[in-house]
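1. Give me coordinates for this.
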Amino acid sequence: MTQNRRQFSRITFKAEARVNAAGKEFSVEVIDISLKGALFRPEKAISIDAGTPAVLQMRLDEMGTLIRMEGPITHGKNGAFGLACHEIDLDSITHLRRLVELNLGDPSLLEREFQHLLGE
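-> Numbers count the residues shown, from 1 in each chain. As a prediction, this is how the structure comes out:
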């Protein structure tokens, strides 16, 4: 039996986004997102090596509200890529935290994850 070591809840959230990596910009669909990263699928087949620095920008509404996270590509499998969030601005983490909170439905779970993120 495989033990699930994931410490952050992944929220299934379909959204169009842009990824900048290896000097190129790609249109992608976000498959899921968490406080520690995102899984996305490019519109067209691409090749990005694990470890490549990348920036994901996901638009949340028509008013230009964005979640922007930076970090390395962690893996690519079956046309989908993982991004580990190593940097995120205050506005983005605020929007992401609210998105996770709404989808978890349990504020105590969100608080536990946020405290873990902060290393407390």
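
2. Tell me the helices and strands packed up against the host helix or strand of Ala15.
-> According to DSSP states H and E, Ala15 maps onto strand 11-21. If contacts are counted by 3 or more C-beta pairs under 8 Å, 6 or more residues apart in numbering; DSSP states H and E, strand 11-21 sits against strand 24-34, strand 37-42, strand 53-59, helix 90-104. All C-beta spots, glycine's among them, are computed from the backbone N, C-alpha and C.

3. Now with 10 Å, please.
-> Secondary-structure packing of strand 11-21 (3 or more C-beta pairs under 10 Å, 6 or more residues apart in numbering; DSSP states H and E): strand 24-34, strand 37-42, strand 53-59, strand 66-77, strand 80-84, helix 90-104.

4. How far does the last one sit from its chain's centre?
-> Its chain's C-alpha centre and that of helix 90-104 lie 11 Å apart, by C-alpha atoms, centre = their mean, to the nearest Å.

5. what angle separates that helix from strand 53-59?
-> With axes from the mean of the first three to the mean of the last three C-alpha atoms, to 10 degrees applied, the angle from helix 90-104 to strand 53-59 works out at 70 degrees.

6. contacting residues for Lys77?
-> Leu39 (C-beta atoms under 10 Å, 6 or more residues apart in numbering).

7. now it: how far from Leu83?
-> 13 Å (C-beta to C-beta, to the nearest Å).

8. partners of the residue positioned nearest the centre of the chain in the sheet?
-> Residue closest to the average C-alpha location in the chain (C-alpha atoms, centre = their mean): Ala38, at 2.5 Å. Going by DSSP bridges, Ala38 is paired in beta bridges with Ile33, Leu83.

9. likewise Pro42?
-> Val28.

10. where does the chain have low pLDDT?
-> 1-9, 105-120 (pLDDT under 70).

11. let's go with 90 and repeat that
-> Across the chain, the ranges flagged by pLDDT under 90 are 1-16, 34-36, 60-65, 96-120.

12. hmm, back to that, CSV for the helices and strands packed on strand 11-21, including distance to Thr12?
-> Shown next, in CSV, are those (distance: least, C-beta to C-beta, whole Å):
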stretch, distance to Thr12
strand 24-34, 5
strand 37-42, 10
strand 53-59, 14
strand 66-77, 15
strand 80-84, 13
helix 90-104, 8
